[in-house]
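Trainee: Take a look and give me a structure for this.
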Amino acid sequence: MEKLMTTPFILLHISVLLVIVMIIITFNYKKKTQLHFVFIFLMISVLIWSLGQLLEVYYMFFNNGQVSYYLITFYFIGVSFTPAFLLLLGIIYYNGTILFKIKYALLFIPSIISVVMAATTEKNHLLIVTYAFKNTDIVLGPYFIFHNIITYLYIVIGLSFLIYTSFKTSGFFSKQSILIIIGVLIPFSINILSSYQIIPDLPVYITAVAFSISIVLILLAILKYNFLNVMPIALNHILNQLSDGVIVIDKSLVVLEYNEAITKICNIANIKIARNMNILKVIEDSALKEDNEQSFSSILKMVIKNGIPYTFERTLETSSSIVYLNFVISNVLVREKYYCTTLLVKDITEIKNKMEEIKRNQEILMEKERLASLGHLIGGIAHNLKTPIMSISGISNEVVALGQEYVAAIKDSNITKEDHLEIANDIIEWASKISPYCSYMSEIISAVKGQATQLSTSSEKFFTVKELLSRIRLLMKFELKKNYCELKENIEVSPYSRIKGDIGSLIQVFNNIITNSIQSYNGENGIIDLNVILENGYLKFFIKDYGSGMDINIQNRLFKEMITTKGANGTGLGMYMAYSTIKGHYNGKLTFKSKKNKGTTFIIEVPLYKEKNNET
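Mentor: Sure thing, here's the model as predicted:
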């Protein structure tokens, strides 16, 4: 018994117990995946291998070196199936999960053949001619060469999958990779040394011990350092499928992982990124435009220290273009302990360009609508100005005639003093009629000038309800009169209530709505009510007509798109831009109620401006 208790033999006992413990641990794992089940089968194979050789050693020791071919067949089940399950493990570890097909079942055919050869080797000696304790005393059969080729092929491919996946997902120097590398080298080296008798007198069961240790190390590498909640290669595939760039760094700002999207961004900037590279080095080599207030270094250190996610933008300037990037930096915690920091990098160049395009288009639309409104306005103004101009022209002609009459009267000795006074009074009377017409034209010109002034949201402008309504009356006077409509006002607020903003843009909205109300009567007489009330700090203007109203399909789309009820005579810009103006320029609301053939009411709500020192 003392001769039996050598160090390798003791290790064989330990390996058997260790594999049994590992099987129990893996079997009791609650959320088992394909990888867990394949691992269990792999460890069962190693257990059969180790246990069979252990029993064979005891049998030979107590039977004076006599061999039990039943035990050889038993342990050879483990020897034959261990490489196949190791290959299957590597395939699943690489792919994350697989669909079991015929091709995977075919992998086990060489294993079955080897077991059959082991069961018949006592008679045909194709696998083993002579079995012994020491590798130098074993005489191998001709089939053993084929068995070894298949075994090494399976082991090399399976372990290659494990090593490649570990490097790909965790890096070369990670704990996982180191454990797997050690786990690969131990059995592979010992198996070669033992099978080809490079080192003499090695016990035949030393390979089983080496494989037991290897399986334990590989299991620890996968279970402990990847948790098996998401398979490592699957996680890597997920990262690469993200359209946003992802960089994973540790506390010392070293790059642990990144995806293909970030590689594309780096290619645009003509910079290099690699694992185990300091992220600050990557940033320094880039054309990223630094913010004067906060550097990348300070932001990263702040997030790692405080654990509060941080979002910011940077501009990447290249030789051919400008790229806008959005960064989101946050920590990853595992069981409330710091694990790593992620940088989510999104290319927002297209979004920025689209926003600029939308802004330009909106400005163009606003300008078109403003010009269209001014076109209608100027047509009315021209008609309104024509009347006072013709009147002034008539008055001037009359004054000239009176002046000529007065000149003639001076030369006529028969003209009395009273006649002179009568002619002078006529001249004064006709001349005095010019002033009201001039005042009216002045008001018209001021209103047009206000409408033509470029809209500005940055300047501080204020106007009163009185100013607003007086300009609306003045500018809409001709349009109302021409279409036989009457504007009735009911003002329930102080005429000196103030509104903050540009009066011209708000008049444009009112003119547009009132014009639509006029047109809803289709050339017939009509009344348009304009009511003003104060409610919850908002001035509410109700513009109500009793015309044709709107169809329900028009109502559903009115403020959402450019739509018109006027066919070729309308652009659909008016109400669309009116809604944008009230909401964007005045922080107000524009709503409506309409019934077909009953009329329409538009409600404009704008905040009442209150002086900070006088909130009453």
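Trainee: contacts and neighbour counts: CA atoms only from here.
Mentor: Noted.
Trainee: State the pLDDT value of the residue lying closest to Gly501 once chain neighbours are set aside.
Mentor: Leaving out its chain neighbours, the residue that sits closest to Gly501 by CA to CA, 6 or more residues apart in numbering is Lys461, at 5.0 Å. We note a pLDDT of 79 for Lys461 in this prediction.
Trainee: ok, Asn267 - contacts?
Mentor: Residues counted as contacts of Asn267 (CA atoms under 8 Å, 6 or more residues apart in numbering): none.
Trainee: Helix, strand or coil: sort out it for me.
Mentor: helix (DSSP: H, G, I helix; E, B strand; the rest coil).
Trainee: tell me the mean pLDDT for the longest strand along the chain?
Mentor: In terms of residue count, the longest strand belonging to the chain (DSSP state E) is strand 322-334. Summarised as a single mean, pLDDT over strand 322-334 is 84.
Trainee: for that strand, packing partners?
Mentor: Packing partners of strand 322-334 (3 or more CA pairs under 8 Å, 6 or more residues apart in numbering; DSSP states H and E): helix 296-306, strand 310-317, strand 337-347, helix 349-411.
Trainee: and it, which residues are buried?
Mentor: Neighbour-count burial for strand 322-334 flags 323-327, 329-332 (criterion: 16 or more other CA atoms under 10 Å).
Trainee: okay, those residues in a markdown table with distance to Asp426 next?
Mentor: Shown next, in a markdown table, are these (distance: CA to CA, whole Å):
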| residue | distance to Asp426 |
| --- | --- |
| Val323 | 78 |
| Tyr324 | 77 |
| Leu325 | 80 |
| Asn326 | 80 |
| Phe327 | 83 |
| Ile329 | 87 |
| Ser330 | 89 |
| Asn331 | 93 |
| Val332 | 96 |
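Trainee: Those: which two are farthest apart?
Mentor: Val323 and Val332 (27.8 Å; CA to CA).
Trainee: Would you mind splitting this protein into its domains for me?
Mentor: Following automatic domain parsing, one finds the domains of the chain at 7-231, 242-347, 354-452, 458-616.
Trainee: start to end distance for the second one?
Mentor: Start-to-end span of domain 242-347 (CA to CA, to the nearest Å) is 12 Å.
Trainee: Show me the helices in the stretch 101-250 of the chain, by range?
Mentor: Here the stretch 101-250 of the chain has its helices, by DSSP state H, counting those that start in this stretch, at 102-106, 109-124, 143-170, 175-195, 206-226, 232-241.
Trainee: Confidence-wise, which of those is weakest overall?
Mentor: If you rank the helices of the stretch 101-250 of the chain by mean pLDDT, helix 232-241 sits at the bottom with a mean of 60.
Trainee: Flag every buried residue along the strand or helix carrying Phe463.
Mentor: Per DSSP states H and E: Phe463 is located in strand 462-464. By 16+ other CA under 10 Å, the buried positions in strand 462-464 come out as 463-464.
Trainee: Name the residues that touch it?
Mentor: Against strand 462-464 from outside (CA under 8 Å, 6+ apart): 495-503.
Trainee: And stretch 326-345, by the same measure?
Mentor: So stretch 326-345 is contacted by 244-251, 262, 300, 303-304, 307-314, 325, 346-348 (CA under 8 Å, 6+ apart).
Trainee: What is the burial count for Leu88?
Mentor: 24 (other CA atoms under 10 Å).
Trainee: That one and Val38: what is the separation?
Mentor: Distance from Leu88 to Val38, by CA to CA: 7 Å.
Trainee: same check, this time on Thr600
Mentor: For Thr600, the distance to Val38 (CA to CA) stands at 73 Å.
Trainee: can you check Asn490 too?
Mentor: When distance is defined by CA to CA, Asn490 is 85 Å away from Val38.
Trainee: pLDDT wise, what is the residue nearest to Ile582 when sequence neighbours are not counted at?
Mentor: Counting by CA to CA, 6+ apart, Gly588 is the residue found nearest to Ile582 once chain neighbours are left out, at 5.4 Å. Looking at Gly588, its pLDDT stands at 92.
Trainee: Pull the contacting residues for Gly588.
Mentor: By CA under 8 Å, 6+ apart, the contact set of Gly588 is 582, 604-607.
Trainee: Likewise for Gly403?
Mentor: By CA under 8 Å, 6+ apart, the residues touching Gly403 are Ile427.
Trainee: And Asn490 and Val38? Which one has more around it.
Mentor: Remark: of Asn490 and Val38, Val38 carries more neighbours, 17 against 12, as counted by other CA under 10 Å.
Trainee: which among the contacts of stretch 326-345 end up buried?
Mentor: For the contacts of stretch 326-345, buried by 16+ other CA under 10 Å: 244-250, 262, 300, 303-304, 307, 309, 313, 325, 346-348.
Trainee: hmm, back to that, mind checking which of the contacts of strand 462-464 are buried?
Mentor: 497-503.
Trainee: Centre of the chain to the longest strand of the chain, how far?
Mentor: Remark: strand 322-334 is offset 12 Å from the chain centroid, using CA atoms, centre = their mean, to the nearest Å.
Trainee: do stretch 70-81 as well
Mentor: Centre to centre, stretch against its chain (CA atoms, centre = their mean), the figure for stretch 70-81 is 57 Å.
Trainee: in that stretch, what's buried?
Mentor: So stretch 70-81, judged by 16+ other CA under 10 Å, has buried residues 71-81.
Trainee: out of those, which are inside helices?
Mentor: Counting by DSSP state H, the part of the buried residues of stretch 70-81 found in helices is 71-81.
Trainee: just how off-centre is stretch 504-512 within its chain?
Mentor: That offset, for stretch 504-512, works out to 38 Å (CA atoms, centre = their mean).
Trainee: One more: stretch 424-442?
Mentor: Offset of stretch 424-442 from its chain centre (CA atoms, centre = their mean): 69 Å.
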